[in-house]
Structure formats: structure tokens, C-alpha cells
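Asks: fold the following, please.
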Amino acid sequence: MRAKRYGRCGTWLVLGFLLLAAPAPPPRPPFLTPAATDTSVPAIGRAWPVGARPTVLRGWEPPATVYGRGHRGVDLAAPPGSPVRAVAPGRVSFAGRVAGRGVVSVELAGTDLRTTYEPVTASVEKGAELAAGEVVGTVEPTGSHCTSTCVHWGLRRGEAYLDPLSLLPPWLLHRGPSRLLPVLGVPLP
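Replies: Modelled structure (predicted):
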């Protein structure tokens with residue numbers, strides 16, 4: 001009886017030692033790692049891509065894995081033919097068609113970030129230097145994945161997708177400054 005008990009204890013000790021001494025598991029392949037949720041995006045945006053304060057039809061939903069479900073950008077309501085502007089200064093890295101849609105990509109000056117706008121009929125060419133608010137094209141009437149026309153605005157750092165709204169400073173995200181209203185029934189000093 002004692003021999004069995006000591007035999008089992010010895011087995012557990014050996015297994016425990018092997019588990020503790022085993023090397024760490026190899027890193028997961030890149031296609032299984034979640035998309036970056038890096039929040040260190042500088043608020044360098046100086047203009048909305050479309051309109052003064054467009055309606056966000058669908059926000060950024062980071063995928064759990066590189067190929068997982070999610071929404072890798074922000075959909076902004078915009079009628080066909082509306083001008084699409086660069087949110088920050090940069091250089092056009094791509095202006096053309098991808099899968100039948102017009103796409104413009106801009107590498108933002110002084111950063112490792114790149115914004116994309118689609119579906120857009122480009123009015124700029126690759127290599128063009130842009131100022132914040134400069135028009136890069138117009139909203140195409142078709143090719144959008146929205147139920148109505150919209151611009152899909154994306155942001156990437158390397159191969160990682162980020163929330164493009166994080167480029168905009170608080171004063172552009174909010175509707176305006178607070179306003180003080182007169183208080184009724186309070187005598188003036």
C-alpha cells in the first residue's frame with residue numbers, strides 16, 4: 001500500500017518538475033494574434049474627412065484576430081460627390097482602384113501612421129504633398145459597404161489597424177463649446 005502511495009507521489013513530483021522546467025510555449029502565429037489596440041496615436045488631425053461634423057454610421061470595432069470579424073475603420077455619412085479631405089498633413093502613398101473601389105492612402109507627416117479613404121474618386125496622385133484639410137477626391141456614388149453612401153476612413157500603423165477617430169483632437173470630436181445661460185431670478189451684483 002505504501003509503495004503505491006510513494007509511487008504516485010513520485011510520478012506527480014516528476015510531472016511537476018517537467019512542467020516547471022519545460023520551455024515557454026512558442027509565440028502564437030501572427031494570424032492568430034489580435035489586432036493592435038495601441039492608444040498612443042497623436043491627435044494631429046485638423047479636419048474631418050467629410051463635412052464639418054459628419055454622422056458616424058459605424059464605428060471602429062477591433063477584430064480579435066488579424067483575420068477575425070470587426071470593422072477596421074469608421075464609416076462617415078457623406079452624399080455622393082462630396083469632397084474628401086486629408087485629416088492631417090502628409091504624402092499620398094496610393095491613389096487608385098482596389099477591388100473596384102477608389103482608394104486614397106496618405107502617410108501622415110512625422111509619424112508612422114497611414115490613413116485610407118474609400119470609395120473615393122481621387123483628385124491627387126501618388127507622391128503629392130498634402131496639407132490638413134486639402135481635398136484628396138470626391139465620394140463615389142457606388143462601391144460603399146454602407147446602406148447609404150459613406151466614406152470608410154481607416155488608420156494603420158504598419159499592419160495594425162487603429163481607431164481613426166483617435167487622430168482628432170477633442171475640440172473636433174465635440175459639437176462645440178459649453179455656453180452659459182442666464183440664471184433667472186438671481187439679482188445681478
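
Asks: start to end distance for stretch 153-162?
Replies: Separation of the first and last residues of stretch 153-162 by Cα to Cα, to the nearest Å is 11 Å.

Asks: whoops, I mixed them up, stretch 154-163
Replies: So stretch 154-163: terminal residues 7 Å apart, Cα to Cα.

Asks: buried ones in that stretch?
Replies: Neighbour-count burial for stretch 154-163, counted by 16 or more other Cβ atoms under 10 Å, picks out G154, L155, R156, A160, Y161, L162, D163. From N, CA and C alone the C-beta is placed, and that goes for glycine too.

Asks: same check, this time on stretch 99-118
Replies: 101-108, 113-118.

Asks: stretch 72-80 now?
Replies: Buried residues in stretch 72-80 (16+ other Cβ under 10 Å): R72, G73, V74, D75, L76, A77, A78.

Asks: tell me the confidence at the first one?
Replies: pLDDT recorded at R72 is 89.

Asks: likewise for the one 10 residues further on?
Replies: What the model reports as pLDDT for S82 is 95.

Asks: can you get me a residue count around the closest residue to it other than its chain neighbours?
Replies: Leaving aside its sequence neighbours, S82 sits nearest to V139 (Cβ to Cβ, 6 or more residues apart in numbering; 4.6 Å). When neighbours are counted by other Cβ atoms under 10 Å, V139 registers 26.

Asks: for stretch 117-124, measure first residue to last.
Replies: 12 Å.

Asks: now what about that stretch, what contacts it?
Replies: 49, 84, 92, 95-96, 98, 101-106, 130, 135-140, 142-144, 151-154 (Cβ atoms under 8 Å, 6 or more residues apart in numbering).

Asks: in that stretch, which residues are buried?
Replies: Those would be Y117, E118, P119, V120, T121, A122, V124, for stretch 117-124 by 16+ other Cβ under 10 Å.

Asks: can I get the buried residues of stretch 72-80 in JSON lines with distance to H174?
Replies: Shown next, in JSON lines, are the buried residues of stretch 72-80 (distance: Cβ to Cβ, whole Å):
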{"residue": "R72", "distance to H174": "25"}
{"residue": "G73", "distance to H174": "21"}
{"residue": "V74", "distance to H174": "16"}
{"residue": "D75", "distance to H174": "20"}
{"residue": "L76", "distance to H174": "16"}
{"residue": "A77", "distance to H174": "18"}
{"residue": "A78", "distance to H174": "20"}
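
Asks: what's the closest of those residues to L173?
Replies: V74 (11.7 Å; Cβ to Cβ).

Asks: and that closest one, its phi and psi?
Replies: Main-chain dihedrals, V74, degrees, to the nearest 10: phi -130, psi 130.

Asks: bridging residues for it?
Replies: Beta-bridge pairing for V74 (DSSP bridges): W153.

Asks: from memory it sits against G59, does it?
Replies: Yes - if you go by Cβ atoms under 8 Å, V74 and G59 touch, sitting 5.8 Å apart.

Asks: hmm, back to that, for the buried residues of stretch 99-118, which one is nearest G68?
Replies: Checking those against G68 with Cβ to Cβ, the nearest one is T116 at 19.3 Å.
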